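> Provided below for reference: sequence and predicted model.
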Amino acid sequence: MTAVSRRPHRRPGFIGGLVAAGGLALFAYFVARAGLDDILAGISRIGWLFLIVVALAGLRFMARAAAWLWCLPAGHGLRLRDMMPAVLAGDAVGNLTPLSVALGEPVKALYLRARAPLSRTMPALAVETLFYTLSIVIVVAAGGVTLFILVRPPATESLITAVPLVTLALLVAGLHWVMWNRIPLASASLRVLARIGVASAVVERAAARVLNIELRMHHDYPRDWSRVLVVVALHSSFHLLAIIEVFLVLSLISDRPPTVIDAFVLEAANRFINVVFKFVPMRVGVDEAGTALFADLLAYGATAGVTMAVVRKGRMLVWTAFGVAALVRRGLSLTGFEVGDRGEGTVVVVMARAPFGTPAPKSRLDAMIPAESDRRRLYAAFLRDTLVACRSLHGVAVRVAYTPVGSTDDFTSVGLTEAELLIQRSGDLGARERGVFEDLFNAGYSKVLMIGSDLPTLPVAQIRDSLDQIDAAAVVLGPATDGGYYLMGLAAPQKGDVVPDLFTNVRWGTSNALADTVQAAERANISVLQVEPWHDIDDTDDLLRLRQELEQEEHATRAPATTRVLHEILPRLTS
């Protein structure tokens, strides 16, 4: 497969170098201030118990990996042993680069791409990170209050610390409220920008992509309290293990016996430093400075604080080495992030609506099937049989591009998973079709075949033949008997090119749609390859023809779900 390389720009690299150099200078200053001999003496007192420090950190990584696992939708097929190296790989990137979360979190999902698509792992990871951030806010706030009670700092210092903390708490709480109420805030904000004329076309496309992510996050956000409590318990154990580590190290390096409250305050300070200075690789210098300050406030002395930070560096280096090893094994590079398992290949995408969304599908069949519930069941059967045909193709991915009406839960009734869903963009049918092609090509697919969702008897051989005819210089069209087309196939455009405009000035929903598309291809200097015509099920005449088809055993076997539903809602249909 072709590797994808994302090289960092020079300016971020230069800034990152300055940040690292500043951190090293700060590190050297505080080590010299605390006394190198005293620090080494403290480290020597830890001895082999450093292995316990490393093990406690490993258990913390495991807790976050398990929390991510619990945020994934059902049927993901992943295990804790899959998640653990992904978390280590992302943490390694976050520790070694100044971009930290911007690169570290996506790397976790990229690591699992061979096992699960990003559309499944990334939203769950975002939800887990949101819960983890909330737990940090709670720990830091509680630690800050405890510190104020213990040392009663001046009012100015209290205000400087409290304002950003309260702001962060309100922000995180607000994000959870947005998620709980399923408010597509980010995409709605982008659409407002598009409406007032801010880079309208670009922003509108971005809004569609963001909406797709938001819907998946809303779906993955745990509302079952048993899942919420498990995630909360795992994050609580993360912080508890960190407090145990601080207590252990402090008891070994300090002559003053520590208390659990002191260990809690120092861990809260460590979390605060990690949040504020996440952009500093390994938190070099700032960790030593911050921990020395808080240790001094608690009367343990600056030397104990710097020693704790140095021990923490050693533990971080051990697990960062495991993370780098995982990156190398998976084929991800710290410098280029070369990803060799991008979703390259062929995909069949079905354009669909949620079977139980609003309004009900197939309204033009109401003369023959007056009950809305029956029409919904029939459409679900069409979609199920269409998907069975698509899934029978070896080596071909299957996606369903759906309109954002109703819930994605509606698709579980036809056996779809979240990973197979792709939200359509806004606009007319042409804009939505173009958007689906662009999104799938951007995902790395080299051939995309788009078909309708109401083709229950379409032969698999016809789909396969259409895939075989897809060529970079042509568009494959499947003429429909009503003058439109039931199928369109395109190859990925060359680098720097765009999807050809086959969608402008097409009279959608009329008998001229196919002819208009052919003319659009001629304007774009794209040749047209037409495959065998077929019929979709739009009106009563189509349904009568389908009923006659299903009286033949060949077609009934090809579309068992449709045959069964029609037998139930149209008793006159004979077997």
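Ah, there it is. Numbers count the residues shown, from 1 in each chain.

> quick one, what contacts residue 271?
Contact analysis of residue 271 by Cβ atoms under 8 Å, 6 or more residues apart in numbering lists 136, 139, 140, 143, 239, 242. From N, CA and C alone the C-beta is placed, and that goes for glycine too.

> Okay, buried residues for the helix or strand where it lies please.
Element membership for residue 271 (DSSP states H and E) is helix 260-276. Going by neighbour count (16 or more other Cβ atoms under 10 Å), the buried part of helix 260-276 is 262-274.

> I'd like the next helix or strand past that helix.
Sequence-wise, the next helix or strand downstream of helix 260-276 (DSSP H and E) is helix 286-297.

> what helices or strands is that next one leaning on?
When contacts are defined as 3 or more Cβ pairs under 8 Å, 6 or more residues apart in numbering; DSSP states H and E, helix 286-297 sits against helix 10-34, helix 118-151, helix 260-276, helix 302-330.

> Show the average pLDDT along that helix.
Mean pLDDT, computed over helix 286-297, is 87.

> report the angle between the axes of it and helix 260-276?
On the basis of axes from the mean of the first three to the mean of the last three Cα atoms, to 10 degrees, helix 286-297 is oriented at 150 degrees to helix 260-276.

> Give me the distance between helix 286-297 and the centre of its chain.
Offset of helix 286-297 from its chain centre (Cα atoms, centre = their mean, to the nearest Å): 36 Å.

> before we move on, what about stretch 364-382?
Put simply, stretch 364-382 sits 35 Å off its chain's centre (Cα atoms, centre = their mean).

> What mean pLDDT does the helix holding residue 271 get?
Helix 260-276 shows a mean pLDDT of 89.

> got the angle between that helix and helix 302-330?
Angle, helix 260-276 to helix 302-330, by the same axes, to 10 degrees: 50 degrees.

> Report the backbone C-alpha coordinates of helix 260-276 in PDB.
Presented in PDB, the C-alpha positions along helix 260-276 are these (Å, rounded to 0.1, in the frame of the first residue of the first chain):
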ATOM      1  CA  VAL A 260      -2.200  10.700  51.900                       C
ATOM      2  CA  ILE A 261      -3.500  14.300  51.800                       C
ATOM      3  CA  ASP A 262       0.000  15.600  50.900                       C
ATOM      4  CA  ALA A 263       0.300  12.900  48.200                       C
ATOM      5  CA  PHE A 264      -3.100  13.900  46.800                       C
ATOM      6  CA  VAL A 265      -2.100  17.600  46.600                       C
ATOM      7  CA  LEU A 266       1.200  16.800  44.900                       C
ATOM      8  CA  GLU A 267      -0.600  14.500  42.400                       C
ATOM      9  CA  ALA A 268      -3.200  17.300  41.700                       C
ATOM     10  CA  ALA A 269      -0.300  19.700  41.100                       C
ATOM     11  CA  ASN A 270       1.200  17.200  38.700                       C
ATOM     12  CA  ARG A 271      -2.000  16.900  36.800                       C
ATOM     13  CA  PHE A 272      -2.200  20.700  36.600                       C
ATOM     14  CA  ILE A 273       1.300  21.000  35.300                       C
ATOM     15  CA  ASN A 274       0.600  18.300  32.700                       C
ATOM     16  CA  VAL A 275      -2.500  20.200  31.500                       C
ATOM     17  CA  VAL A 276      -1.000  23.600  31.300                       C
END
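
> Where does residue 477 fall, secondary structure wise?
strand 474-479.

> Which neighbouring elements make contact with that strand?
Counting contacts by 3+ Cβ pairs under 8 Å, 6+ apart, strand 474-479 is packed against helix 460-469, strand 485-491, helix 513-523, strand 527-530.

> Can you say which of the ones you listed is packed in most?
Comparing the helices and strands packed on strand 474-479 by mean neighbour count (mean count of other Cβ atoms under 10 Å), strand 485-491 ranks first with a mean of 23.

> That one vs strand 474-479, what angle?
With the same axes, to 10 degrees defining the directions, strand 485-491 sits at 170 degrees from strand 474-479.

> before we move on, back to that, would you turn the helices and strands packed on helix 286-297 into a markdown table with distance to residue 287?
Below are the helices and strands packed on helix 286-297 laid out as a markdown table (distance: least, Cβ to Cβ, whole Å):
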| stretch | distance to residue 287 |
| --- | --- |
| helix 10-34 | 8 |
| helix 118-151 | 15 |
| helix 260-276 | 6 |
| helix 302-330 | 4 |
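
> Which of the ones you listed sits closest to residue 515?
Nearest to residue 515, of all these, is helix 118-151, at 35.8 Å by Cβ to Cβ.

> got the residue ranges for the helices in the stretch 301-450 of the chain?
For the stretch 301-450 of the chain, the helices defined by DSSP state H, counting those that start in this stretch cover 302-330, 372-391, 429-442.
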